[in-house]
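Let's see this in three dimensions:
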Amino acid sequence: MSALPSVRGFLIVTAVVVSVGAAGAFALVLNEQKDPPPAVTLKSETPRLEAMAPVRRFGQGGPGVTVTPPRLLAITPGTVPKGTRYKLAALKHVQKVIVVDAGSVKVAGTAVNLLAVEPAEYRSWTPQAVADQPEVWSALARGELVADTAAARRFGMVLGASYQIDGGPRLRVAASATLGLPGVDGIVSAEVGRRLGLLPGVAVLLHGKEGKISAAGVRRLLGKGGQVLAVGARGAAAQPRAGDQQAAGPPEKQVVRQGSYLELYKAAATRCPGLSWTVLAAIGQVESSHGRNNGPSSAGALGPMQFMPATWKAYGVDGDGDGRKDIWSPYDAVPGAANYLCANGAGQGGQKLRKAVWFYNHSWDYVNKVLSLSDAYARAYA
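You can find the predicted model right below:
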């Protein structure tokens, strides 16, 4: 393993042992009731799926986050006083300042440097692609670790796996992203950071015009022992886009994601011999209008295929090979729907197919609507 950046010297702390109660297990419920599906008006010509917007994960396309990327990262031996924060904000060319908790925990004797943040406050400090990545913010809200992509590869972290913190609790690596902060291996929520014993208020991020903020001025205000590091444009490197093939977790693991819903429905249907992709497309249209309305519904259904969590627990799949079964991700939800339909006999067609769709939402009107839409897609793509 290569030597860690010098900033690590300021981050080493001792993890605090905290007992975390295990979450209650979900019970499988097959005849849950969901919200009635929205009315669908059949038109003479069904919109062609390849002409629609590309597949998007939940969270993208909503109210945008205007990012204010950090230009300098400062690490201090102790908590930055409030008065010093005000002085930092008053420096020439500084437009925005945030102070967060930081420290290092050890996993099997290896130091892993973490920032602990309030997700809502920190989101705008990440690269745009990270701010728009729903898995990151869902993971933090659940009390899980978001690993820097490069650090995850360097340490051999596997997405979805839980790691024992030396002398502390287990921590699940739920997502990875290119954070672009030198010496920082991952982020957790502020609450998790307190449980891990990270140092309060020792990391400072400053935003302003790139290259204009005086590192010497920041260093002078922070006093002896403070370290200031430039955060360059590389830190905002773009995340892989839908349709790309990309590495995730260990270098040998490949993630494959289709670029359109048409491709996604067709690929997912191959999981169930005899099931037409048009059935999946019809359910996708009725449930979320192909990812435009992902819930949660008032009944608790989630994601582009509107799964109830208990059903997802039993039938959800890792469709894109990234090591996670994400109810919000269309790359998992659509093949998960194929898996659920197939388990109920959809591949046999006829009345078996009708009954499988009924299991998806216990309404014969829903079944008729889905199968009518499926026929319309079949005619449009004949």
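
what does stretch 260-280 contact?
48-50, 52, 54-55, 243, 258, 281, 284, 290-291, 317, 319, 330-331, 334-335, 337-339, 341-342, 346-349, 353, 357, 370-371, 373-375, 377-378, 381 (CB atoms under 8 Å, 6 or more residues apart in numbering). Backbone N, C-alpha and C define where each C-beta goes, glycine included.

from those residues, which ones fall inside helices?
281, 284, 330-331, 334-335, 337-339, 341-342, 353, 357, 370-371, 373-375, 377-378 (DSSP state H).

Residue 371: neighbour count?
The number of residues packed near residue 371 is 16, by other CB atoms under 10 Å.

Now do the contacts for it.
Applying CB under 8 Å, 6+ apart to residue 371 gives the contacts 279, 282, 353, 354, 357.

which two in the residues you listed are spaced the farthest apart?
282 and 354 (12.8 Å; CB to CB).

Who has more neighbours out of these two?
residue 282 (25 against 16).

For the more buried one, report the pLDDT, please.
Residue 282 is assigned 94 on the pLDDT scale.

wait, it sits on residue 374?
Yes: using CB atoms under 8 Å, residue 282 makes contact with residue 374 at a distance of 4.2 Å.

Pull out the buried residues from the contacts of stretch 260-280.
Neighbour-count burial (16 or more other CB atoms under 10 Å) applied to the contacts of stretch 260-280 gives 49, 55, 258, 281, 284, 290-291, 317, 319, 330-331, 334-335, 337-339, 341-342, 346-348, 353, 357, 370-371, 373-375, 377-378.

List the buried residues for the longest strand along the chain?
As assigned by DSSP state E, the longest strand anywhere in the chain is strand 94-107. Within strand 94-107, the residues scored as buried using 16+ other CB under 10 Å are 94, 97, 98, 99, 100, 101, 102, 103, 104, 105, 106, 107.

One more: stretch 144-160?
Of the residues in stretch 144-160, 144-149, 151-153, 155, 157, 159-160 count as buried by neighbour count, 16+ other CB under 10 Å.

And it, end to end?
One end of stretch 144-160 to the other measures 10 Å (CA to CA, to the nearest Å).

Name the surrounding residues that touch it.
In contact with stretch 144-160 (CB under 8 Å, 6+ apart) are residues 1-2, 107, 110, 112, 114, 136, 139-140, 163, 171-179, 181, 184-188, 192, 247-251, 322-325.

Show me how to select, in ChimeraX, the buried members of those residues.
Remark: buried members of these, expressed as a ChimeraX selection using 16+ other CB under 10 Å:
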select :107,112,114,136,139,140,163,171,173,174,175,176,177,178,179,181,184,185,186,187,188,192,248,249,322,323,324,325
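
Looking at the contacts of stretch 144-160, which are in helices?
Taking DSSP H, the ones among the contacts of stretch 144-160 that sit in helices are 136, 139, 140, 192.

could you dump those to CSV with pLDDT and distance to residue 69?
Conversion of these to CSV gives the following (pLDDT from 0 to 100; distance: CB to CB, whole Å):
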residue, pLDDT, distance to residue 69
136, 87, 15
139, 86, 21
140, 91, 18
192, 94, 24
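
Now do the contacts for residue 207.
Applying CB under 8 Å, 6+ apart to residue 207 gives the contacts 68, 69, 70, 71, 94, 95, 96, 97, 125.

was I right about residue 74 contacting residue 222?
Yes: with contacts counted by CB under 8 Å, residue 74 reaches residue 222, the gap being 5.9 Å.

Could you list the buried residues of stretch 125-143?
Per 16+ other CB under 10 Å, stretch 125-143 contains these buried residues: 125-140, 143.

can I see the domain layout of this protein?
According to automatic domain parsing, the chain comprises the domains 62-236, 258-380.

Could you pull out the strands in the stretch 1-150 of the chain for me?
Here the stretch 1-150 of the chain has its strands, by DSSP state E, counting those that start in this stretch, at 72-75, 94-107, 110-117, 145-148.

Figure out which of those strands is closest to residue 208.
Nearest to residue 208, of all the strands of the stretch 1-150 of the chain, is strand 94-107, at 4.6 Å by CB to CB.

Average pLDDT for the closest one, rounded please.
Confidence over strand 94-107 (mean pLDDT, whole number) is 93.

Check which helices and strands that strand sits against.
helix 82-90, strand 110-117, helix 119-122, helix 190-196, strand 199-208 (3 or more CB pairs under 8 Å, 6 or more residues apart in numbering; DSSP states H and E).

ok and it relative to helix 82-90, angle-wise?
130 degrees (axes from the mean of the first three to the mean of the last three CA atoms, to 10 degrees).

tell me the angle strand 94-107 makes with strand 199-208.
Using the same axes, to 10 degrees, strand 94-107 lies at 140 degrees relative to strand 199-208.
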